[in-house]
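1. predicted model follows, preceded by the sequence.
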Amino acid sequence: MDYDAQLKLQSYLDGELPESEARDVANWLAQDREAVALFAELRNTRQACVGLEVGVTLPESREFFWSKIEREIDRQQQAEPAPRPSSIFAAWRRFLMPAGAVAALGMAAMIGLFSASQGPTHEMAVADPGAFTYHDFSAGTTLVWLSYPAENEFADNFE
Amino acid sequence: MTEKDHSSAEDQKLVRAAQKGDMAAFEELVARHRDKIYARALSMMRNEQEAIDLSQEAWVKGWQRLKQFQGEASFGTWMTRIVINLCLDQLRKQKRQRTESIEAMTEESGGVERHMPVLTVNPTAGLERQELRQRIERALNQLSYEHRTVLVLHEFEEMEYKQIAKTMDCSIGTVMSRLFYARRKLAALLVDLKKSD
């Protein structure tokens, strides 16, 4: 008999098998003497344990046992940290902490906007109708675009 | 509630009173269920003093968690679950502190229970209740805590495989395997005890 079959026999004894499987095991038990022997051994062991705890009593009197429990409950209650009293300062702190965070965010946003308005990083200008100038201050570059055909003083100078 | 009221009140009424802080009601509940809680601790721990200490701890925990008790199970069942969990924690701690037992090594090395000869005679037949109890107690002492606990939860607590697996944080397959080993080992130990008499 393999191990799975042995465990199935035990499950049958314990009423843990679905009905269809239980029927199969019952049929199997009707034909297999080895299965019957193992089933009987498992059942005897189970029956030996029935009612084994009846009459087990705690070897301490009701009063003594309770006094220990009561003392421990009291001890644990005293050991718990008492809740801190609420004060105006604590209430203000509860208000100020999120308000401070919001104010800091607002400040950061204002600084960002202010620094952006300090001056452009680049400038584009049309000095005359035929020339377009682009200054990039950060890169120190100036580009001049001349329209074609040249109709301005630069173009005239090149000719 | 007066003391007289407490002794005649149903568990549910006492629980409700205790949940409101009535210590006398809780004391009555302790008095009613203390033997059962102690018996469960003793069957798992196999040591009288540890069983007393853990059942006391269970009652203290019970008081602290009383507000969480909704009455899905009976109060006795709820308290039993608390003591079982405390015993399991303690047994796991003890196991970590000592080397693996021979029992556990045997189980992991191939499962001798699969090959043990089937007993043709009932080793408990004809024994007086007291004698049978003593023999089973001695045999239970020789099982590893995992095997003993599965047996106790199944035979004494009448838990299903699924409940045992949840309580012991293992698979149903492990529960079946441990229960099978425990029963076969117990049967073999009972035969040995009978022979040695």
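-> Thanks, I have the structure now. Note that the coordinates shown come from a computational prediction; the quantities given were computed from them, not determined experimentally.

2. need the three-state assignment for A:Gly142.
-> That one is not Gly; residue A:142 is Thr. Under DSSP: H, G, I helix; E, B strand; the rest coil, A:Thr142 falls in the strand class.

3. what about the helices in the chain?
-> Just going to use chain A. A:3-13, A:19-31, A:33-49, A:62-79, A:88-116, A:153-158 (DSSP state H).

4. can you look at chain B instead?
-> Going by DSSP H, chain B shows helices at B:3-8, B:11-19, B:23-45, B:48-64, B:75-97, B:102-108, B:129-141, B:145-151, B:161-168, B:172-196.

5. and those helices, which is most packed in?
-> Counting by mean count of other CB atoms under 10 Å in any protein chain shown, helix B:145-151 has the highest mean neighbour count of the helices of chain B, with a mean of 24. Yep, even glycine has a C-beta here, placed from its N, CA and C like the rest.

6. by contact count, what packs against it?
-> Judged by 3 or more CB pairs under 8 Å, 6 or more residues apart in numbering or on different chains; DSSP states H and E, helix B:145-151 is in contact with helix B:23-45, helix B:75-97, helix B:102-108, helix B:161-168, helix B:172-196.

7. looking at the ones you listed, which is closest to B:Leu127?
-> Closest approach to B:Leu127 among the helices and strands packed on helix B:145-151 is made by helix B:172-196 (8.5 Å; CB to CB).

8. got a list of contacts for the closest one?
-> Applying CB atoms under 8 Å, 6 or more residues apart in numbering or on different chains, the contact partners of helix B:172-196 are A:6-7, A:10-11, A:41-42, A:44-46, A:48, B:107, B:111, B:113, B:116, B:119, B:121, B:123-124, B:135-136, B:138-140, B:142-143, B:146-148, B:150-151, B:154, B:161-162, B:164-165, B:168.

9. who's in contact with the residue most central in space within chain A?
-> The structure's chain A has its C-alpha centroid closest to A:Pro98; by CA atoms, centre = their mean the separation is 24.0 Å. For A:Pro98, no contacting residues are found, by CB under 8 Å, 6+ apart.

10. nearest residue to B:Gln90 other than its sequence neighbours?
-> Distances taken as CB to CB, 6 or more residues apart in numbering or on different chains place B:Leu54 nearest to B:Gln90, at 6.3 Å, with adjacent residues excluded.

11. if we can go back for a sec, tell me the pLDDT at the residue nearest to the centre of chain A?
-> Listed pLDDT for A:Pro98 reads 76.

12. pull the helix or strand with minimum mean pLDDT from chain B.
-> Here the helix or strand of chain B ranked lowest by mean pLDDT, DSSP states H and E is helix B:102-108, holding a mean of 51.

13. what separation do you get for B:Val60 and chain A?
-> 5 Å (CB to the nearest CB, to the nearest Å).

14. state the pLDDT value of that residue.
-> 98.

15. how many neighbours does the nearest residue to it once chain neighbours are set aside have?
-> Nearest non-adjacent residue to B:Val60, counting by CB to CB, 6+ apart: A:Glu72, 4.8 Å away. Applying other CB atoms under 10 Å in any protein chain shown, we find 15 residues neighbouring A:Glu72.

16. is A:Glu72 in contact with B:Ala58, as I believe?
-> No - under the contact definition of CB atoms under 8 Å, A:Glu72 does not touch B:Ala58, with a separation of 11.3 Å.

17. who in chain A is up against chain B?
-> A:3, A:6-7, A:10-11, A:14, A:16, A:34, A:37-38, A:40-42, A:44-53, A:56-60, A:62, A:65-66, A:68-70, A:72-73, A:76 (CB under 8 Å from any CB of the partner chain).

18. buried members of those residues into PyMOL, please.
-> Buried residues among the residues of chain A next to chain B (16 or more other CB atoms under 10 Å in any protein chain shown), as a PyMOL selection:
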select buried, chain A and resi 6+7+10+11+14+16+38+40+41+42+44+45+46+48+49+52+53+56+58+60+65+66+69+70+73
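
19. low pLDDT regions in the chain?
-> If you meant another chain, say so; for now it's chain A. Filtered on pLDDT under 70, chain A yields the residue ranges A:82-89, A:108, A:111-112, A:114-134, A:145-159.

20. if you could check chain B rather than the one you did, that'd help
-> B:1-4, B:99-115, B:120-121, B:193-197.

21. which residue is nearest the middle of it?
-> Centroid check for chain B by CA atoms, centre = their mean gives B:Arg40 as the closest residue, at 4.0 Å.

22. please tell me how far that one sits from B:Tyr161.
-> According to CB to CB, to the nearest Å, B:Arg40 and B:Tyr161 sit 19 Å apart.

23. repeat that for B:Asn47.
-> B:Asn47 is 27 Å from B:Tyr161, by CB to CB.

24. same question for A:Pro18.
-> For A:Pro18 relative to B:Tyr161 (CB to CB), the value is 13 Å.

25. got it, and B:Gln68?
-> 26 Å.

26. spit out the contact partners of the closest residue to B:Val152 other than its chain neighbours.
-> Sequence neighbours aside, B:Ser43 is the residue nearest to B:Val152 in space, at 4.7 Å (criterion: CB to CB, 6+ apart). Applying CB under 8 Å, 6+ apart, we find B:Ser43 in contact with A:53, B:140, B:148, B:152, B:156.
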